[in-house]
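what's the 3D shape of this:
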Amino acid sequence: MNSTVPEPWRRAVVLLAVGCLAAVWGLTACGGDGGEPNPPGANARVGPVLLRYAHIAEPPDGPWEKGDDAPFYVWLFNQGENADRLLGAESTVAQSVDIVGADGAVRGPVELPAEKLVELEEGSTHLLLRDLRQQLRGGDYVWITLRFERAGEIALQVHSQIPTYVDDDATDAPGLTSPSPERP
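Numbering: from 1, shown residues only. The predicted structure follows:
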């Protein structure tokens, strides 16, 4: 029996299957018995370009508020034989996504030499979600689409890092997280 499934349905089933596999992988990868920390971010591949640790920076003092600019960090490794370039990005949660230098000034595309790791992170070139359209709390997930000159486009579901706020006044040692408040 030969039945044809319309393309939109086939695509939806594939996306659902990939999402389920990612969820199962995420559940089994968290809390491994090695005692090593679980690195932040999403991992993906588009053509020969590997994307690692893609995440929105931890909000500094509470959630990112509507209108804020939020840094987006990702490591890119071009496994291809030819150089590529990250041309830009977009997200529905921000007015725009800019490639910026360490000083916050907008800059052009990011060169991705063959067989080289390029770290877009704090203190160096990175992406910046400008003028957030909604509040974004630590742990929230959003979609960001990255565009490459040769590799094409990829949409990633990335999260805003869960905050690790510290209340130095609540403990005797600086940097230690205070215990839960006691209830009367």
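
in the protein, where is pLDDT below threshold?
Regions of the chain meeting the criterion pLDDT under 70 cover residues 1-39, 163-184.

and the helices in it?
7-29 (DSSP state H).

all strands for it, in order.
For the chain, applying DSSP state E gives strands covering 42-46, 49-56, 70-78, 84-91, 94-100, 110-112, 117-120, 126-132, 141-148, 152-159.

possible to save these as JSON lines with distance to residue 63?
All C-beta atoms are positioned from the backbone trio N, CA, C, and that covers glycine. Shown next, in JSON lines, are the strands of the chain (distance: least, Cβ to Cβ, whole Å):
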{"stretch": "strand 42-46", "distance to residue 63": "20"}
{"stretch": "strand 49-56", "distance to residue 63": "11"}
{"stretch": "strand 70-78", "distance to residue 63": "10"}
{"stretch": "strand 84-91", "distance to residue 63": "16"}
{"stretch": "strand 94-100", "distance to residue 63": "15"}
{"stretch": "strand 110-112", "distance to residue 63": "28"}
{"stretch": "strand 117-120", "distance to residue 63": "23"}
{"stretch": "strand 126-132", "distance to residue 63": "10"}
{"stretch": "strand 141-148", "distance to residue 63": "13"}
{"stretch": "strand 152-159", "distance to residue 63": "13"}
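
kindly reformat those strands as CSV containing mean neighbour count.
Shown next, in CSV, are the strands of the chain (neighbours: other Cβ atoms under 10 Å):
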stretch, mean neighbour count
strand 42-46, 17
strand 49-56, 21
strand 70-78, 22
strand 84-91, 20
strand 94-100, 18
strand 110-112, 18
strand 117-120, 17
strand 126-132, 20
strand 141-148, 18
strand 152-159, 16
